Structure formats: structure tokens, C-alpha cells
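> quick check, what structure comes out for this input:
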Amino acid sequence: MALEDSAIETTPAPARSQVDERRFLDGPVAPTLIRFGMPLLATNTLMSLSGSWGAVWVSHVLGPDALTAVVNANLFMWMLTGSVMGVGSAAGIAIGQALGHGDRSVVKKLTGNAITFALIASFLSAALGFVFAPALLDLIHLPASAREMAIDYLRYTCLSMPPVFIFSFLMMMLRGVGDARTPFRFSLIAIVLGLILSPALLVGFGGLPKMGIAGVAVGGILAYSVALLALVGYLYVRHHPLALRQEDLHNLKPDGALIWMLVTKGAPMAAENIIVQGAYFVLLSLVNAQGAATAAAYAAAAQLWGYVQMPSGAIAQSMSAMAAICIGAGRWDRVGRIAFQGCLVSVGLTLLAAAIIYLSGDLPLKLFLPEGGEELAIARDINEIVLWGWIFLAITNGLSAMVRANSAMLAPTLIYATTMWVMRVPFALALLPLMGAAAIWWSFPLGTIGSASLAFAYYRWGGWRKNKLMVASVVDQRA
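Presented below is the predicted three-dimensional model:
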């Protein structure tokens, strides 16, 4: 049976407010992207605020070395998480295509196999991260004063992987079916609980144990576990397409061909994360080699970069979801408009975020660093060089999301590999003796400008439009 001939399952659809693919197929492009992206942007903003809240507590209670420990340990956590989240992204795209085509039985099959993969991968990653935490941190020449705290923090953070992975997979799949509100609501639960529990466990108030830096990670474990349980219950109560009922539980049994499809499609995104984080390891090693003051300044400046990058990430996910549904429905007439209008919105929001931080002066940095210290002056110089370059990342994120919506996963990975390892790292290494630490900071805008140029070239002239739908193999196998 060809994909075009597959039958549409008659399972009742959930309420229009949850899953409504018609908005993506017929609605105005820019307003729909903004409406879909705003809950995601709010979620990411609140998550970053939660992380910054924890960083402020860590810095003020335990000192700048503890902040360095958290930032360095988080880099490994992001690498371990990103190495499997590519499968979640691939599942979200495939589910969007299946929904656009109108086949809900494929949605169930994809959901079950993605959850099974998340369970296996999360426990394996947690075990490996916990055991090898000291060796991993030694790779980046962490200052000795921050090493022990970083090991404790990384090990406890690894224990959070099972609930975090499964929760994140469900978030990606929910957005794949055009549901942005549910992820926001339940992410809010995790965020609020984290805001309360992490500092409480750090300093031991409210009758809770005083756990030090480990308390920040334990607070996250508890927060995500509660949010995950609440989300699963909600999906069942609302009869959401992703809720696997008794008659759907057979979809949890691993389907080798389907998981292989998700892994192969997700592997380039996972490889991209490893490539990017690997380059950051090299750059972070160079930063750490400049001394404790520069390491702390970089850690504080990097706290602010996430806020500049978040709008483009949210709009890119909106573009991917809308494009996947339109491609699944054969609505190629909308794809070009999604790319153009999405990038315009993304660049505008990123520019606004960068302008707000520039106009705020030292005020945001003083949340993490003592006033009048050497670290504050270095952090100010870093942001003057780096911050504006993230505007170009908005173009890269948007166009990469578009081509991935039609299963073109490898090209964006190659673009990031070129950007990081041919442009950014060699530039920093070559000019460090001449320019000092400024060579590291200037490598960031160099990389973002290069990646935007390559992403546009592939979007304009690459062959991604000719790819076969990801869900085609699932339908053909079922037939």
C-alpha cells in the first residue's frame, strides 16, 4: 500500500484546542508560528530563568568556583542528553507528517517505540555519566577548586536522566502534533517545583536536608518526576493521540525497523550535538586555561546567551512542526512562506533579546558576579564581542528546521561540523597567541555567520525537497 492510499484511522480526535492541524495547513503563516512558538518560548525562558535562579543561589552561597562547576558539568549533561534527543526530534517530525496525512495509528506506533527508546537510552546514559563523571570533567582541565563540586553535581544530574528524557520526548511529540499548550503547562509544573526545591535542598531550609551543590540537581530530579506523572495522567484523561491505552500497549514492543528508522534519522541531530559540544569542550578548555577569573566570567556571560538564542529555537520548532504537517499533507505551496516569514520573525525576536541585554549594561551580569571585580569586566568584554552574533544563528536554526521537516537530517549536521571544526576552533587556536582570549570570543560570531551562509545555500539549492516522507516506511510495513 502506498502512503497516498493509506486509510485514515477513525479514532476520535481530541479537542480542537489541543491538536488542530488545520491551523498549520490553512492559517496565516507568521501569526500561527508566533501563536505556536510563544508557549514554547515561554517554556524555554522559564527553564532558563530556573537555571539562572539556581546559578544565582550556587554562586552566592558557594562562590564563583561553584558557578564554574555547574556550567562545566552542564555542558556534559547537554552532550549526553543531546546524543539521544535527536531520536525524539525525529519522532516529533514523523508524528507531524503522520498527522498531516491523517493516519493516527502510525502516531500510536511512533509514540510507543519512541518511549521505549527513551527508557532504554536514559538508564544507559545515566549509568555511564555517573561512573565516568571524573574522567569526563578532567578532559576540559577544570580548575582544581571547582573539580569536586562539579563531579558531585554531574553525578546527581545524571540520575535525573530517566524522568527528563521521557518528559522531553513527550514534549517533542506533543509539539509534533501541533500541541504547544500542553508542553507549556506541564513544563511550568517542573519549573516551579525546581525553583522551590533546588535552593531549599542547597541550603537546607523548610525541614529539608542541606545537600550543597548536589541539592540543585536533586531538586530537578524531583521536579521532573512529578511533572512527568502529572503529564501522563493528563494525556489519558483527555484521550490525547499520544496516550497509549490497553489496546495500544503493543506499540511499546520495540519494532526493529521503526526504531532503526528513528535512530538513523535522529543520528545526524545527535551527531550534531556531539560535534557542537565537542567543539565547545575545546573552547572551554582554552577558556579554563586563561585562569579562574576568565572561567567565571565566561560562565556568567554564557548564562545570558541562552536568553538571546531562545526565540530562534522556539520559532524554529514551530517552523518544523508546521512544515512537517504541510509536507505530510502535500501542501508544498506553503513551505516557502513558512521559511521566509519564520526567519523574519526569528531574527526580529533575537535582535530584540540581544538589544535588551546590551541596554541593561552590567545589571544582568551582577546577578552572578561581584560588583567591581575582575570577572565582571571580563564578562562585559565577552558579551560585547559575542552577543550580536547570535542573530545569525536565528537564520541557521530556521532553515535547518525547514529541511529537517522533510527528513534532510544530515546536511544541517555537516553545516555545524564545518562551522565548528573548520571555522571556529581553528580560528581560536591559531589566533590565541596573537589576540589572547579575544580570539576565543571572536570565533563565536565567525561561526554563526558561516553557519547562516551555508544553511541558506543548502535550503536554496540542496535536494532536500525530493526526500521521501519518514512515515512512508511505517505505512508500507503495516500494509
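> now for the residue lying closest to residue 150 once chain neighbours are set aside: which residues touch it?
Closest residue to residue 150 apart from its sequence neighbours, by CB to CB, 6 or more residues apart in numbering: residue 69 at 3.7 Å. Where you see a C-beta, it was placed from the backbone N, CA and C, and this is true even at glycine. Contacts for residue 69 (CB atoms under 8 Å, 6 or more residues apart in numbering) come out as 142, 146-147, 149-150, 153, 213.
> switch to 10 Å and redo it
Counting by CB atoms under 10 Å, 6 or more residues apart in numbering, residue 69 touches 58, 62-63, 137, 142-143, 145-154, 213, 299.
> where do the helices sit along the stretch 151-300 of the chain?
Along the stretch 151-300 of the chain, counting by DSSP state H, counting those that start in this stretch, helices occupy 161-176, 181-203, 213-237, 256-288, 292-328.
> lowest average pLDDT across these?
Of all the helices of the stretch 151-300 of the chain, mean pLDDT reaches its minimum on helix 256-288 (a mean of 80).
> go through that one and flag the buried ones.
Of the residues in helix 256-288, 258-259, 261-263, 265-284, 286-288 count as buried by neighbour count, 16 or more other CB atoms under 10 Å.
> returning to what we had before: derive a ChimeraX selection command for the buried subset of the contacts of residue 69.
This is how ChimeraX selects the buried members of the contacts of residue 69, with burial counted by 16+ other CB under 10 Å:
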select :58,62,63,137,142,143,146,147,149,150,151,152,153,154,213,299
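> the spatially closest residue to residue 121 that is not a sequence neighbour in helix, strand or coil?
Excluding the flanking residues, the one nearest residue 121 by CB to CB, 6+ apart is residue 84, at 4.2 Å. The assignment at residue 84 comes out as helix when based on DSSP: H, G, I helix; E, B strand; the rest coil.
> just confirm residue 84 contacts residue 168, I think it does.
Yes - applying CB atoms under 10 Å as the test, residue 84 and residue 168 come out as touching, 9.4 Å apart.
> where in the stretch 51-200 of the chain is pLDDT low?
Within the stretch 51-200 of the chain, the stretches with pLDDT under 70 are 83, 100-103.
> repeat that with 80
51-86, 88-89, 92-93, 95-107, 136-147, 149, 175-180 (pLDDT under 80).
> what of the stretch 351-479 of the chain?
Low-confidence regions of the stretch 351-479 of the chain, defined by pLDDT under 80, span residues 370, 372-373, 407, 467-479.
> if we use 70, what do you get?
Those would be 469-479, if you go by pLDDT under 70 across the stretch 351-479 of the chain.
> just the buried positions in stretch 376-386, please.
Residues 376, 378-380, 382-383, 385-386 are the ones in stretch 376-386 that count as buried (16+ other CB under 10 Å).
> before we move on, back to that, count of neighbours near the residue nearest to residue 121?
If you count neighbours by other CB atoms under 10 Å, residue 84 ends up with 24.
> ok, it - contacts?
Shown in contact with residue 84 (CB under 10 Å, 6+ apart): 117-118, 120-122, 124-125, 161, 165, 168-169, 263, 266, 269-270, 273.
> same question, residue 126
Residue 126 is in contact with 80, 155, 157-162, 164-165, counting by CB under 10 Å, 6+ apart.
> what would these look like in JSON lines with neighbour count and distance to residue 429?
Formatted as JSON lines, the contacts of residue 126 follow (neighbours: other CB atoms under 10 Å; distance: CB to CB, whole Å):
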{"residue": "80", "neighbour count": "26", "distance to residue 429": "26"}
{"residue": "155", "neighbour count": "19", "distance to residue 429": "31"}
{"residue": "157", "neighbour count": "27", "distance to residue 429": "30"}
{"residue": "158", "neighbour count": "25", "distance to residue 429": "31"}
{"residue": "159", "neighbour count": "18", "distance to residue 429": "36"}
{"residue": "160", "neighbour count": "23", "distance to residue 429": "34"}
{"residue": "161", "neighbour count": "27", "distance to residue 429": "33"}
{"residue": "162", "neighbour count": "20", "distance to residue 429": "38"}
{"residue": "164", "neighbour count": "25", "distance to residue 429": "34"}
{"residue": "165", "neighbour count": "28", "distance to residue 429": "34"}
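> farthest pair in those?
Greatest spacing in the contacts of residue 126, by CB to CB: 155 and 165 (16.8 Å).
> could you check how far the helix or strand where residue 400 lies is from the centre of its chain?
According to DSSP states H and E, residue 400 maps onto helix 390-404. Taking the mean of its C-alpha atoms, helix 390-404 sits 14 Å from the chain's own mean (CA atoms, centre = their mean, to the nearest Å).
> CA atoms only for it, dumped as PDB, please.
In PDB, the C-alpha atoms belonging to helix 390-404 read as follows (Å, rounded to 0.1, in the frame of the first residue of the first chain):
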ATOM      1  CA  TRP A 390      23.600  35.000  17.800                       C
ATOM      2  CA  ILE A 391      21.300  37.000  15.500                       C
ATOM      3  CA  PHE A 392      22.700  35.000  12.500                       C
ATOM      4  CA  LEU A 393      22.000  31.700  14.400                       C
ATOM      5  CA  ALA A 394      18.300  32.500  14.000                       C
ATOM      6  CA  ILE A 395      18.700  32.000  10.300                       C
ATOM      7  CA  THR A 396      20.600  28.800  10.700                       C
ATOM      8  CA  ASN A 397      18.000  27.400  13.200                       C
ATOM      9  CA  GLY A 398      15.100  28.300  11.000                       C
ATOM     10  CA  LEU A 399      16.400  26.900   7.700                       C
ATOM     11  CA  SER A 400      17.700  23.800   9.400                       C
ATOM     12  CA  ALA A 401      14.200  23.200  10.800                       C
ATOM     13  CA  MET A 402      12.700  23.500   7.400                       C
ATOM     14  CA  VAL A 403      14.900  20.900   5.700                       C
ATOM     15  CA  ARG A 404      14.600  18.500   8.600                       C
END
